[in-house]
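Peer 1: Quick one, structure for this:
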Amino acid sequence: MSKTSQKKFSAYQMGIDDGLLGLDVRWYAHPKMKYYMEGYREGRRARKPQKPQGMNFFERLVFAFFG
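Peer 2: This is a model prediction of the structure:
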């Protein structure tokens, strides 16, 4: 793995970590900001509870109250 791809990957991982923890954006200007923001959005998306799929009405109701 080249240095550039390592930096891109580490920026992406930092974005995921910050998004999962609910932190604000770490930088507003950075050479690898595109990769950081991709990871940040992915982390924020993973932090939200997912909509139940393939469940009947009762299971969705239980998920809404206890999920």
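Peer 1: how about the residue minimising distance to the centre of the chain, phi and psi?
Peer 2: Nearest to the geometric centre of the chain sits residue 43, at 1.0 Å (Cα atoms, centre = their mean). Taking degrees, to the nearest 10, you get phi -60, psi -40 for the backbone angles of residue 43.
Peer 1: ditto for residue 2
Peer 2: Here is the backbone geometry of residue 2 (degrees, to the nearest 10): phi -80, psi 170.
Peer 1: Can you get me a residue count around it?
Peer 2: The burial count assigned to residue 2 is 7, neighbours taken as other Cβ atoms under 10 Å. C-beta: built from backbone N, CA, C; applies to glycine.
Peer 1: Where does the prediction get shaky in the protein?
Peer 2: Scanning the chain for pLDDT under 70 picks out 50-52, 67.
Peer 1: Which secondary structure element is home to the residue of it positioned farthest from its centre?
Peer 2: The centre of the chain is farthest from one residue, residue 58, which by Cα atoms, centre = their mean lies 29.3 Å away. Following DSSP states H and E, one finds residue 58 within helix 57-66.
Peer 1: Remind me what that helix packs against, helices and strands.
Peer 2: If you count contacts as 3 or more Cβ pairs under 8 Å, 6 or more residues apart in numbering; DSSP states H and E, helix 57-66 packs onto no helix or strand.
Peer 1: Show me what counts as buried in that helix.
Peer 2: By 16 or more other Cβ atoms under 10 Å, helix 57-66 has no buried positions at all.
Peer 1: those helices in this structure, which residues are they?
Peer 2: Assigned by DSSP state H, the chain shows helices spanning 3-21, 33-47, 57-66.
Peer 1: Quick one: list the elements packing against the longest one.
Peer 2: For helix 3-21, the helices and strands in contact under the criterion 3+ Cβ pairs under 8 Å, 6+ apart are helix 33-47.
Peer 1: picking up where we left off before, nearest to residue 27, of the helices of the chain?
Peer 2: Among the helices of the chain, helix 33-47 comes nearest to residue 27, with 6.4 Å by Cβ to Cβ.
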